[in-house]
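**Student:** please work out how this folds:
(chains A and B)
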There are 2 protein chains.
Amino acid sequence: MKIELAKSYGFCFGVKRAIKIAENSKDAATIGELIHNSLEIDRLKANFNVKTLKDISDLKDEKKAIIRTHGITKTDLANLKSKNIDIIDATCPFVTKPQQIVEKMSNEGYEIVFFGDINHPEVKGVMSYSVTNVHVILDEHELDGIKLPAKVAVVSQTTKKLKKYSQIVDYLMQRVKEVRVFNTICNATLENQEAARELSSRADVMIIIGGKNSSNTKQLHLIAKNLCQDSHLIESEDELQKEWFENKKLCGISAGASTPDWIIQKVVDKLSKF
Amino acid sequence: MKIELAKSYGFCFGVKRAIKIAENSKDAATIGELIHNSLEIDRLKANFNVKTLKDISDLKDEKKAIIRTHGITKTDLANLKSKNIDIIDATCPFVTKPQQIVEKMSNEGYEIVFFGDINHPEVKGVMSYSVTNVHVILDEHELDGIKLPAKVAVVSQTTKKLKKYSQIVDYLMQRVKEVRVFNTICNATLENQEAARELSSRADVMIIIGGKNSSNTKQLHLIAKNLCQDSHLIESEDELQKEWFENKKLCGISAGASTPDWIIQKVVDKLSKF
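**Tutor:** Just a heads-up that it's a prediction; the model follows:
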């Protein structure tokens, strides 16, 4: 069986940056998981004593607090600023951008349609910057029957699928006089998606490596499954099952933006032994 | 053979308004054809002595000049204002709107993508309000290879097909960070299109009545042809050919926004005799 890595995969700019920041912030605490990869978070704890807190209320005598790549809410940021603590901002700049857009657009009177998962920390953070109503949706038909104003601004979670985003915009432009579309899906996400699509169309088994709570990893898995029925999402090499690879000729591999190379390497090593 | 009119067809708000204005402006001259229907223009000449001039340079001793429904260019308007003449503005308010949008957006630094026919008077008028580069296109792929800036505003000719407009927006949002979409396709156009679509899906012959240089009439004809192979675009009952209706069960009729009821009635009368 041949093993092939997608042309683009794994760590994005924002994650690399956040990990470097964490490595340079010994003994700090992150508010929520720094990135959606528990193995990497364990490594930061073991090697740099960077703790992960559930939320701000868990802060005790830490001197440094790191803001996760996904950002935090406006209220949490204000709360953090009121404490006697150094704030180290590891919010991905591509997440700061939609926060700013939502704040500006809602101040200018646009109602916000946000394409994203309402439970995702990035989305909670971005939403909190709106001064008006925000419609957080995963599908355009969630807006059926909702009266929309004449002016709507549309923003996407950075890790969503472009195709679905297009469908949402198409739906809106048929109903609203002005739709202001901000393509906030990040390039790394788009490139990883494009490369996963290309590889999945050729492979007969696909392995997507990443956190099971990672939005961009889940999108990669969806794309792979559409083109290659035998697609598996795993967090580490321990989950690999030998029977997945029986009679397979080409195993394609991709990984989410928060999956470090050392985890990918372990998967490749184990696969090579099958 | 049953004859059925589309649920929505013919004269739109802007055309009705312009004809009323012309009827109240005896002896005036319109700069270019008031509406795209030569029979109605002949009627205005015969009954109200409203002349049609090719352009402003043809103005002689007229005391009143009517601006056509499609509007005129900014330069022509300035030129007209410099003359000793009463200006009567019959520009459709739905055309004035994109003129204002293009002026405002280009002043705010957006590059304009305009979905329309570069030779149509409405498009020439709207384009003239831009202070920057305007890309006038009928298909998104006309933009292939063109370097677009980060911010683009998209506007449509009022009489275009919504489906194609969506495709253009979809293309742009994949290439540009901010796409500001103004749905300037007018409701009458959309309603006539929707009704023509519905009727064409049931009819076995379709007659679209309207000016052969009328953009919205041509769109209706395109829609009808897609769903009903035997679709004919005519300007008057004289063009009807008996053999079109042999062995047909349902003849659907629609008419462009500049087609007066009296022309439609003549077509129906003649059809009833077949």
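
**Student:** stretch A:121-129: how far from the chain's middle?
**Tutor:** Between the centre of stretch A:121-129 and the centre of its chain there are 13 Å (C-alpha atoms, centre = their mean, to the nearest Å).

**Student:** list the buried residues of that stretch.
**Tutor:** Across stretch A:121-129, burial judged by 16 or more other C-beta atoms under 10 Å in any protein chain shown covers A:121-129. The C-beta positions use only the backbone N, C-alpha and C, and glycine is treated the same way.

**Student:** go on, stretch A:72-92?
**Tutor:** Applying a neighbour-count criterion of 16+ other C-beta under 10 Å, the buried positions in stretch A:72-92 are A:72-74, A:76-77, A:79-80, A:85, A:88, A:90-92.

**Student:** per-domain residue ranges of chain A.
**Tutor:** Listed domain ranges for chain A are A:2-9+A:187-273, A:13-90, A:94-181 (source: automatic domain parsing).

**Student:** so which of those comes closest to residue B:189?
**Tutor:** With C-beta to C-beta, the closest approach to residue B:189 among those belongs to domain A:94-181: 13.0 Å.

**Student:** for the closest one, what is the average pLDDT?
**Tutor:** Taken as a whole, domain A:94-181 has a mean pLDDT of 95.

**Student:** any idea how far the residue located most distally from the centre of chain A lies from chain B?
**Tutor:** No residue in chain A sits farther from the centre than residue A:247, which is 33.7 Å out by C-alpha atoms, centre = their mean. As for residue A:247, its distance to chain B is 38 Å (criterion: C-beta to the nearest C-beta, to the nearest Å).

**Student:** same deal with residue A:51?
**Tutor:** Between residue A:51 and chain B the distance is 37 Å, computed by C-beta to the nearest C-beta.

**Student:** go on, residue A:234?
**Tutor:** Using C-beta to the nearest C-beta, residue A:234 is found at 31 Å from chain B.

**Student:** the residue lying closest to that residue once chain neighbours are set aside: what's it in contact with?
**Tutor:** For residue A:234, ignoring the flanking residues on the chain, the nearest one in space by C-beta to C-beta, 6 or more residues apart in numbering or on different chains is residue A:209 at 5.8 Å. If you count contacts by C-beta atoms under 8 Å, 6 or more residues apart in numbering or on different chains, residue A:209 has them with A:217, A:233-236, A:253-256, A:259, A:263-264, A:267.

**Student:** so what's residue A:211 scoring on pLDDT?
**Tutor:** Predicted confidence (pLDDT) for residue A:211: 90.

**Student:** pretty sure it is touching residue A:255, no?
**Tutor:** No: the pair residue A:211 / residue A:255 is not scored as a contact, 10.2 Å apart, by C-beta atoms under 8 Å.

**Student:** of those two, who's got more company?
**Tutor:** For residue A:211 and residue A:255, the more surrounded residue by other C-beta atoms under 10 Å in any protein chain shown is residue A:255, and the numbers stand at 28 against 23.

**Student:** and the gap between that one and chain B?
**Tutor:** 24 Å.

**Student:** also residue A:177?
**Tutor:** Plainly put, residue A:177 is 6 Å away from chain B if you go by C-beta to the nearest C-beta.

**Student:** for that residue, what are phi and psi?
**Tutor:** Backbone torsions for residue A:177, taken as degrees, to the nearest 10, come to phi -70, psi -40.

**Student:** what sits against the nearest residue to it once chain neighbours are set aside?
**Tutor:** Counting by C-beta to C-beta, 6+ apart, residue A:177 lies nearest to residue A:150, which is 4.5 Å off, once chain neighbours are set aside. Contacts of residue A:150 were listed using C-beta under 8 Å, 6+ apart, and they are A:176-178.

**Student:** any chance of the residues you listed in CSV, plus neighbour count?
**Tutor:** Output for these, formatted as CSV (neighbours: other C-beta atoms under 10 Å in any protein chain shown):
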residue, neighbour count
A:176, 20
A:177, 16
A:178, 19
